[in-house]
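Q: have a look; sequence and predicted model below, questions after that.
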Amino acid sequence: MNMTRRGFLMSAAGAALAPALRSQQRTPNVVMILADDLGYGDLGCYGSPISTPNLDRMAEDGARFTNFYSASPVCSPSRAALLTGRYPTRVGVPVVLGPGDPGLPDTETTLAQLLKSAGYRTSCIGKWHLGSPASYLPPNRGFDEFFGVPYSADMSPCPLIRNTSVMSPAVDVTTLTARFTQEAVDFLNRSKDSPFFLYLAHTAPHLPLAASPTFAGKSGQGVYPDVVQELDWSVGQVLAALRANDLDSNTLVMFSSDNGPWWQGSQGRLRGRKGETYEGGMREPFIARYPGAIPSGIGCSALATTMDVLPTVTRLCGAGLSTNSLDGVDIWPVLTGDRTDVERDVFLYFDSVYLQCARLGRWKLHMTRYNTKAWSPLPAGGRVNLPLPRPELYDVVTDPQESYDCAAAHPDIVADIRGRVDRLIQTFPPGIVDAWQYTLSQKVLDAPVDGLPVPDRG
């Protein structure tokens, strides 16, 4: 009796789609396309002046989320969360990994491993960044194939690798988007007769910015828009290959970014950039398309995260779940229009091992932040994570720029979120709990100074 007209129509649409799903001949294919440092405001369908017709059409044909988050404002942790469905601080990858660093532990189960066990052919193309020694590369983490780079293209030396063998000791970044796209199309052409999972993780638009000769200067707006237009072209090529192989109607295609924009790019109306736990560092574009299953033109305002991809996909594909506890939840009912919200506890914003913010519904509570500890003999520019003198509360639905602290007007909400945080943090590894307790034990600044996070961002 309390259902709105819109809710009734969406529920009816979801019910009407159920027979279409049951009539499919086999389990759906899955394509996850991930950009590197793409901003929330960098696509046409998110308000950008950059022309992105393929992604815009993908959004028209499926679902476009406006409150979708990475689990970290930097590369390696965000990718660890995507592939495990767990906070990066749980899985042992809280920071950016460098050349030679070990990565995702064997105790963690990836989405690729789960789908491979369910009979899927699996391929990782592009940027890995979850450990560069051979034992940590994709072929040892559930992927049948790997073609790409072990970490960010600005790290040196950055080799091009096929499976675990080095093809070239140093990559030409101007060729990477095109080469990754061709590899993706080749994989799709070879995978008609088996369900498959393609993880296409581009190195763009991360620095060093470089478009191919075909796209250099094409936008007329600068190098960054050129690179974004080439990414959009790549998405178009993948969708065209699915159509050419009669796979389009049985494939879930998702697109997002690992974190917010770095020096170039737009975070839209959001505050902050890559490396920060303000919205601009972690809120990302997310588009999902699955003809006949996801209704066209759905605008999703529900709070969702990259950690939700694993439980959503494994349920849809009939694969088993990880034996590790998950932080992500199944968002399929939102994708189909059966629901408009996601049932979850607070979402935590970590930077490295430091918990800084938490979101519950429309409310976001800032509890700690990087600031200069004026009375401490730190090197020039040294910053530490400190508790705020008073928690700051923002309604990020009406105030996405996090400009107006309303904690004083809502002490009950502050107390509720803080209590949830204190309970949830106790489920994390001891080192993360210790970091939280240590942070809270520190002296706070009388007047907090917004500071940039520590350097070494990958």
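A: Yep, it's here.
Q: contacting residues around P261?
A: By Cβ atoms under 8 Å, 6 or more residues apart in numbering, the contact list for P261 reads D37, L38, G39, D42, P205, Q267, R273, K274, G280. Every C-beta, even on glycine, is put in place using the N, C-alpha and C of the backbone.
Q: kindly report the same for L348.
A: Neighbouring residues of L348 by Cβ under 8 Å, 6+ apart: Y87, L355, C357, A358, V421, L424, I425.
Q: can you put the residues you listed in JSON lines and add secondary structure and neighbour count?
A: Output for the contacts of L348, formatted as JSON lines (DSSP: H, G, I helix; E, B strand; the rest coil; neighbours: other Cβ atoms under 10 Å):
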{"residue": "Y87", "secondary structure": "coil", "neighbour count": "27"}
{"residue": "L355", "secondary structure": "strand", "neighbour count": "26"}
{"residue": "C357", "secondary structure": "strand", "neighbour count": "26"}
{"residue": "A358", "secondary structure": "strand", "neighbour count": "22"}
{"residue": "V421", "secondary structure": "helix", "neighbour count": "20"}
{"residue": "L424", "secondary structure": "helix", "neighbour count": "17"}
{"residue": "I425", "secondary structure": "helix", "neighbour count": "18"}
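Q: dump those residues to JSON lines, plus pLDDT and distance to A178.
A: Output for those, formatted as JSON lines (pLDDT from 0 to 100; distance: Cβ to Cβ, whole Å):
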{"residue": "Y87", "pLDDT": "98", "distance to A178": "34"}
{"residue": "L355", "pLDDT": "97", "distance to A178": "40"}
{"residue": "C357", "pLDDT": "98", "distance to A178": "38"}
{"residue": "A358", "pLDDT": "98", "distance to A178": "41"}
{"residue": "V421", "pLDDT": "98", "distance to A178": "45"}
{"residue": "L424", "pLDDT": "98", "distance to A178": "43"}
{"residue": "I425", "pLDDT": "98", "distance to A178": "44"}
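Q: buried residues in the longest helix seen in the chain, which are they?
A: Ranked by number of residues, the top helix in the chain under DSSP state H is helix 223-244. For helix 223-244, burial by neighbour count (16 or more other Cβ atoms under 10 Å) applies to 223-239, 241-242.
Q: swap in stretch 396-408?
A: Those would be V396, D399, P400, Q401, E402, A407, for stretch 396-408 by 16+ other Cβ under 10 Å.
Q: and the contacts of that stretch?
A: 268-272, 278-279, 359, 362-366, 390-395, 414.
Q: list only buried entries from those residues.
A: Among the contacts of stretch 396-408, those scoring as buried are 268, 270-272, 278-279, 359, 363-366, 391-395, 414 (criterion: 16+ other Cβ under 10 Å).
Q: just flag the most distant two among the contacts of P261.
A: P205 and G280 (15.0 Å; Cβ to Cβ).
Q: how about the buried residues of stretch 396-408, which pair is most distant?
A: P400 and A407 (17.3 Å).
Q: show only the entries of the contacts of stretch 396-408 found in strands.
A: In this view, these that belong to strands under DSSP state E are R359, W363, K364, L365, H366, R390, P391, E392, L393, Y394, D395.
Q: go through the residues you listed and name the one nearest A319.
A: R359 (28.8 Å).
Q: grab the nearest non-local neighbour of the closest one.
A: Nearest residue to R359 in three dimensions, chain neighbours excluded: F347, at 4.6 Å (Cβ to Cβ, 6 or more residues apart in numbering).
Q: doesn't T306 make contact with the one you found?
A: No - taking contacts as Cβ atoms under 8 Å, F347 lies outside contact range of T306: 11.2 Å.
Q: which one of those two has more residues nearby?
A: Using other Cβ atoms under 10 Å, the more surrounded residue of F347 and T306 is T306, with 29 against 23.
Q: now the nearest residue to that one once chain neighbours are set aside, what's its secondary structure?
A: In space, and not counting its chain neighbours, T306 is closest to L82: 4.3 Å by Cβ to Cβ, 6+ apart. With DSSP: H, G, I helix; E, B strand; the rest coil as the basis, L82 sits in helix.
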